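Visitor: When you get a sec, could you give me coordinates for this:
(2 chains)
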Amino acid sequence: MIPILRRLACGCALLVLCASAAGDTPLTPADIAGAAITDEISIPMPGEFMAALNKLSRLNWKSKFRPPVFTNFSSRAQLALNLGGLIADGYVAIEAEDGPQVKNIGKDVLAIARPLGVSKDVQDRGNSLANFAETAHWDELKEELEATQNEVKAAMVEHKDQDLVTLVTVGGWLRAMEVVSGQVAMEYSAPGAKLLRQPGIAAFLIKRLDEMSEKVREEPTVRDVRKKMTDINKIIAFPLDTAPSAEDVKALNALSAEAVKEISKKPTK
Amino acid sequence: MKRLALPLILSTALAVAALAKQATTNDEVDARQQALKLAGGFGNDGFKLRDGNWAGTLAPGKPLLLQVNLYAGNQYWFTVGAAHGGKKLAVSVYDETGKPLETSPYQDDSVAAAGFAPQASGPYYVKVEVLDGGPTAYCLIYSYK
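Guide: Sure, this is the predicted structure:
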């Protein structure tokens, strides 16, 4: 065990002290076109986005909480979108180090998982989230939250609900975008605005939305989200080494906030 | 003490359950265990491990590429493990134009890692390859802080 730790310590030191060149030939356009991209690992979790934001300024994460969301939707697509949003809310609560809020979100996750038919798969995770929250194990909570999301997605794949997997990812990504762009809009800086550059992700998610079954794709909420994602992609696909203006960031925040509002909107009778 | 032990026990039990659930073959489970052994140590330095992984079969002379999306300001470790022993692996990182980037490399028997701190947010490419040894199941995981 000690030799492993020693080697790792050396490795960590290397990261800081003496990075070495890859000494490799560049990738060709064909290489790049053939690169794998997966929902599970190519799409960053909201926690990564928030970790980057944390390095720019000290944030009042509690101010990013939103009122409890409605969890009794009849549309499975809307449930899945809200489930993703709740996972992102979980990261906000962890950043705020607010145990009761984490536990409340855990309960809402379970409430939404039930009608989706995946509550059995997340029951243990829910208990684990509550225990980590009680004992203030914030780092472990982040890993557990992602594991919860992956557990839900794995259950959806088992139930042949691939469309729902995409919607969970989209819901989480939009809520994280709302939170981060809201903060950048509030305290605009070029480095903060550059964090919002995510051309690959929006394009990937839009493609996944387009591949969904027509029945799901044509649901009003999904249609609205698809349109907002296209508009969002126009703002976040800015060139490297430039930063979007304060107005662009405000527009991005408005679009993502509207999308999240639409997703969590109670159905009208 | 009990309050500390419970989450640890739960975490370990759930991690083992997740390990069995995510890997599709025994060799991929073995490869992931190799990667986790190395990446677990980065946790001591504050790195949080992503739960997802990228697994499959890697053949000599046929590197594989994965697109990831990284944020400026964060630090990352990409760790790959191979099933069984006796393999020499490498991990390298490229920017969105395909230019090779400087990383902190690490290599040992059937594991390799690359530490990287992006200067700009956006898409990057991670290449995994077998430098020495036959075809093998592999598993790539990553950590960030």
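Visitor: Tell me where the chain has helices.
Guide: Picked chain A for this. Residue ranges of the helices in chain A, as given by DSSP state H, are A:2-17, A:29-33, A:46-54, A:76-95, A:99-116, A:119-134, A:138-158, A:162-186, A:190-194, A:199-210, A:214-217, A:220-236, A:246-263.
Visitor: oops, chain B please
Guide: Shown for chain B, the helices assigned by DSSP H span residues B:2-22, B:26-42.
Visitor: By mean pLDDT, show me the worst of those helices.
Guide: Ranked by mean pLDDT, the helices of chain B bottom out at helix B:2-22, with a mean of 43.
Visitor: pLDDT below threshold where in the chain?
Guide: Picking chain A for this. Flagging of chain A using pLDDT under 70 yields the residue ranges A:1-23, A:269.
Visitor: my bad, chain B
Guide: Low-confidence segments of chain B, defined by pLDDT under 70: B:1-23.
Visitor: Look through it and tell me its longest strand.
Guide: For chain B, the longest strand by residue count, based on DSSP state E, is strand B:122-132.
Visitor: Alpha carbons only: can I get it in PDB?
Guide: Provided in PDB are the C-alpha atoms of strand B:122-132 (Å, rounded to 0.1, in the frame of the first residue of the first chain):
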ATOM      1  CA  GLY B 122     -14.200  23.000 -24.200                       C
ATOM      2  CA  PRO B 123     -13.800  19.600 -25.900                       C
ATOM      3  CA  TYR B 124     -10.600  17.600 -25.600                       C
ATOM      4  CA  TYR B 125      -9.600  14.100 -26.800                       C
ATOM      5  CA  VAL B 126      -8.100  11.400 -24.600                       C
ATOM      6  CA  LYS B 127      -6.100   8.700 -26.400                       C
ATOM      7  CA  VAL B 128      -5.500   5.300 -24.800                       C
ATOM      8  CA  GLU B 129      -3.100   2.700 -26.400                       C
ATOM      9  CA  VAL B 130      -1.300  -0.500 -25.700                       C
ATOM     10  CA  LEU B 131       2.500   0.100 -26.100                       C
ATOM     11  CA  ASP B 132       3.600  -3.400 -25.200                       C
END
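Visitor: Share the number of residues neighbouring residue 135, please.
Guide: As the question left the chain open, I've gone with chain A. A:T135 has 17 neighbouring residues, counting by other C-beta atoms under 10 Å in any protein chain shown. C-betas here are computed from N, CA, C, even on glycine.
Visitor: sorry, should have said chain B
Guide: 13.
Visitor: Now it: closest residue in space, sequence neighbours ignored.
Guide: In space, B:P135 comes closest to B:A59 once its chain neighbours are excluded; the distance is 4.5 Å by C-beta to C-beta, 6 or more residues apart in numbering or on different chains.
Visitor: gap between that neighbour and chain A?
Guide: From B:A59 across to chain A, the span is 15 Å (C-beta to the nearest C-beta, to the nearest Å).
Visitor: so that residue touches B:G133, yeah?
Guide: No - between B:A59 and B:G133 there is no contact under C-beta atoms under 8 Å: 10.3 Å.
Visitor: between those two, which one's more packed in?
Guide: Higher neighbour count among B:A59 and B:G133: B:G133, with 17 against 12, using other C-beta under 10 Å.
Visitor: Apart from its neighbours in sequence, what residue is nearest that one?
Guide: Nearest to B:G133 is B:K87, by C-beta to C-beta, 6+ apart, at 3.7 Å.
Visitor: Equivalent analysis for A:E40, please.
Guide: Per C-beta to C-beta, 6+ apart, closest to A:E40 is B:G52, 3.6 Å.
Visitor: For B:N74, give me its contacts.
Guide: Going by C-beta atoms under 8 Å, 6 or more residues apart in numbering or on different chains, B:N74 touches A:48, A:51-52, A:55, B:117-118, B:144-145.
Visitor: Closest to A:A237 out of those residues?
Guide: The nearest member of the contacts of B:N74 to A:A237, counting by C-beta to C-beta, is B:P118 at 17.3 Å.
Visitor: Look at A:L86 and say how many residues are nearby.
Guide: By other C-beta under 10 Å, 29 other residues sit near A:L86.
Visitor: That one touches A:R66, doesn't it?
Guide: No - when contacts are counted by C-beta under 8 Å, A:L86 is not listed as touching A:R66 (10.2 Å).
Visitor: okay, and the common contacts of those two?
Guide: By C-beta under 8 Å, 6+ apart, A:L86 and A:R66 have no common neighbours.
Visitor: Tell me the helices and strands packed up against the longest strand of chain B.
Guide: helix A:199-210, strand B:54-58, strand B:64-70, strand B:76-82, strand B:88-94, strand B:111-116, strand B:136-144 (3 or more C-beta pairs under 8 Å, 6 or more residues apart in numbering or on different chains; DSSP states H and E).
Visitor: Buried residues, it. List them.
Guide: Of the residues in strand B:122-132, B:122-130 count as buried by neighbour count, 16 or more other C-beta atoms under 10 Å in any protein chain shown.
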